[in-house]
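The sequence isn't on hand, but the structure is:
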């Protein structure tokens, strides 16, 4: 899956949608260059780091 809200996404065997997550900071008014220039991306956290690992989830439908 790859759309505006979830880049590099996939659905795992436990049904969880794992995708990259952005850490975003709100800009100060003097930093903004227009009416929609409100945020700054600080970092992109890979989905495998942002979500609990499959083996720690405890989903009974997943054989380990």
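Received it, and whenever you're ready, just let me know what you need. As the structure is a computational prediction, the values presented were derived from the model and not from experiment.

low-scoring stretches of this protein, by residue?
Along the chain, the model assigns pLDDT under 70 to residues 64.

Point me to the residue sitting farthest from the middle of it.
residue 30 (28.0 Å; CA atoms, centre = their mean).

helix, strand or coil for it?
State at residue 30, reduced to three classes by DSSP: H, G, I helix; E, B strand; the rest coil: helix.

now the helices: where do they sit in this protein?
All helices of the chain, identified by DSSP state H, fall at 47-50.

got the contact list for the most centrally placed residue in the chain?
Relative to the mean C-alpha position of the chain, the nearest C-alpha, by CA atoms, centre = their mean, is the one of residue 21, at 2.1 Å. Going by CB atoms under 8 Å, 6 or more residues apart in numbering, residue 21 touches 44, 45, 47, 50. C-beta coordinates here come from the backbone N, C-alpha and C atoms, glycine included.

Then residue 10?
Neighbouring residues of residue 10 by CB under 8 Å, 6+ apart: 1, 17, 18, 19, 47.

For the residue nearest to the centre of the chain, give the beta-bridge partners.
Here residue 21 sits in beta bridges with residue 45, going by DSSP bridges.

how close does it sit to residue 28?
Taking CB to CB, to the nearest Å as the measure, residue 21 falls 23 Å from residue 28.

Now do residue 51: how many residues are near it, please.
16 (other CB atoms under 10 Å).
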